[in-house]
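Peer 1: My questions are about this predicted structure, shown below with the sequence.
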Amino acid sequence: MKVVTIAGARPQFIKAAAVSRVLRQEKGVHEILLHTGQHFDANMSKIFFDELGISNPDYNLGISCLQHGAMTGRMLERIENILIKEKPDWVLVFGDTNSTIAGALGAAKLHLKVAHVESGMRSFNRNSPEEINRVICDRISDLLLCSTTTAVKNLYNEGFARFACDIIQTGDVMYDAALYYSEKASRASRIMRQIPFKEFVLCTLHRQENTGDISILKRLILSLKKIHQKIPIVLPVHPGTRSRIQSLDLKLPFHIIDPVGYFDMLTLVKNCSLILTDSGGLQKEAFFFSKFCITLRDETEWVELVKLGVNKVTGSNQEKILSAFEFFMNKEFKSKARPYGNGDASEKIVAAMLRYS
């Protein structure tokens, strides 16, 4: 079985590492890694390959820093040529980025089978480019690999039982990765040497819906400043966010650090008191390590965390953010639920691909 794995963004490298580790243990399986280049700088790309033990990509398209349409179109053109050359049995895509939809479209138009990891995730916000990518990618995939029960239900509610596809609940590959790399991260990371606090809140901001709207960004920063007065905020700043903030001449009193690799992020999550984020993956990583999370968006795909009471969705509403902060800072994390499986999602994904190849 030949598999072309397509990845281009930070979370996809983590997911690809988990599945690739299992794929490459299988006899008769040949994996080809295609990196679209969507995340291209060392802290957003190379460091993940080095830490996670991912082999150098067989193809690196180097496509980044473009509008959604241009980026997706160029990726699609290049991916199509590679797939024609390689003729894989499966094209494996992850999540909801431009790399995801370009890979799925390229394969589907060539009548190659597509396996989509994290199928069925929905925010139901059609203004989000990620939501468009999810819906379209699911519709043209052959193997829909779902992280949660909610994702499976979403697909059946959308009529996928009538389509020529197979829906399988596997659990979450990011949980696989967190379990596998946790101990190694603790040994290898030196990030806590940069944090001069015993207690701190970890915050990330990168989504266009937050950083691209001046009024929203200012509201968020004002809320964060109020929290920072009570407990220090550590903020790894994405290059795009840093540029945006500097252009607006906004003063940040927080402890600012450069973007970090996977091991450093796991270490920050394990050592922080609380997480505020607009990242999808970090919401789950918070849960994996028993940390409460405040989601700085108007919705989340990971609704099971909200139902469990460990994640509050606040958007940029200052009153909601501060209320959630006060609620969580005085609460003990007790949830023992396992909505994301038992850490064997990668094995289930590979087994499904072998079964349906």
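Peer 2: On my side now, so go ahead.
Peer 1: can you give me the helices in the stretch 151-300 of the chain?
Peer 2: For the stretch 151-300 of the chain, the helices defined by DSSP state H, counting those that start in this stretch occupy 173-188, 208-211, 214-228, 239-247, 262-271, 280-288.
Peer 1: in this structure, which ranges drop under the pLDDT threshold?
Peer 2: Low-confidence segments of the chain (pLDDT under 70): 39-48, 240.
Peer 1: Strands of that one, start to end?
Peer 2: 2-7, 30-35, 59-60, 90-94, 113-117, 143-146, 166-169, 201-204, 233-236, 255-257, 274-277, 293-295, 311-313 (DSSP state E).
Peer 1: And those strands: which comes nearest residue 304?
Peer 2: strand 311-313 (8.9 Å; CB to CB). Any C-beta I mention is one placed from the backbone N, CA and C, and that applies to glycine too.
Peer 1: Need the residues that contact the longest helix seen in the chain.
Peer 2: Scanning the chain for the longest helix, with DSSP state H as the assignment, gives helix 68-86. With CB atoms under 8 Å, 6 or more residues apart in numbering as the test, helix 68-86 has contacts from 2, 4, 6, 8, 32, 34, 36, 38, 59, 61, 63-64, 66, 91, 98-99, 101-103, 105-107, 109-110, 112, 129.
Peer 1: From those residues, list the buried ones, please.
Peer 2: 4, 6, 8, 32, 34, 36, 38, 59, 61, 63-64, 91, 98-99, 101-103, 105-107, 112, 129 (16 or more other CB atoms under 10 Å).
Peer 1: Out of the helices of the stretch 151-300 of the chain, which is closest to residue 348?
Peer 2: helix 173-188 (9.5 Å).
Peer 1: which parts of that closest one are buried?
Peer 2: Quick answer for helix 173-188 (16+ other CB under 10 Å): 173-178, 180-182, 185.
Peer 1: What is the most widely separated pair among those?
Peer 2: Maximum distance among the buried residues of helix 173-188 (CB to CB): 16.6 Å, for 173 and 185.
Peer 1: Backbone dihedrals for residue 61, please?
Peer 2: phi -80, psi -20 (degrees, to the nearest 10).
Peer 1: again with residue 301
Peer 2: Torsion angles, degrees, to the nearest 10, at residue 301: phi -80, psi -20.
Peer 1: And for it, the neighbour number?
Peer 2: Other residues near residue 301 come to 27 when the count uses other CB atoms under 10 Å.
Peer 1: how much space is there between it and residue 127?
Peer 2: From residue 301 across to residue 127, the span is 14 Å (CB to CB, to the nearest Å).
Peer 1: about what we covered before: could you dump the buried residues of helix 173-188 into a markdown table and include distance to residue 72?
Peer 2: Shown next, in a markdown table, are those (distance: CB to CB, whole Å):
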| residue | distance to residue 72 |
| --- | --- |
| 173 | 23 |
| 174 | 24 |
| 175 | 29 |
| 176 | 28 |
| 177 | 26 |
| 178 | 29 |
| 180 | 31 |
| 181 | 30 |
| 182 | 34 |
| 185 | 33 |
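Peer 1: Quick check: closest non-adjacent residue to residue 140.
Peer 2: residue 108 (4.2 Å; CB to CB, 6 or more residues apart in numbering).
Peer 1: Could you pull up the residues touching that neighbour?
Peer 2: Residue 108 neighbours (CB under 8 Å, 6+ apart): 114, 140-141.
Peer 1: again, but for residue 275
Peer 2: 201-203, 269, 282-283, 286, 291-294.
Peer 1: ok now stretch 207-221, how far from the chain's centre?
Peer 2: 20 Å (CA atoms, centre = their mean, to the nearest Å).
Peer 1: Then stretch 309-329?
Peer 2: Using CA atoms, centre = their mean, the offset of stretch 309-329 from its chain centre is 22 Å.
Peer 1: mind listing what's buried in that stretch?
Peer 2: Buried residues in stretch 309-329 (16+ other CB under 10 Å): 310-317, 320-322, 324-325, 328.
Peer 1: which of the residues you listed sit farthest apart?
Peer 2: So, the buried residues of stretch 309-329 by CB to CB: farthest apart are 310 and 316, at 20.9 Å.
Peer 1: Please identify the member of the contacts of residue 108 with the greatest number of neighbours.
Peer 2: residue 141 (25 neighbours).
Peer 1: quick one: that residue and residue 172, what's the gap?
Peer 2: Taking CB to CB, one finds residue 141 at 17 Å from residue 172.
Peer 1: same thing with residue 160?
Peer 2: 20 Å.
Peer 1: now swap in residue 220 and tell me
Peer 2: When CB to CB is the yardstick, residue 220 and residue 172 sit 27 Å from each other.
Peer 1: Residue 16 now?
Peer 2: Residue 16 is 14 Å from residue 172, by CB to CB.
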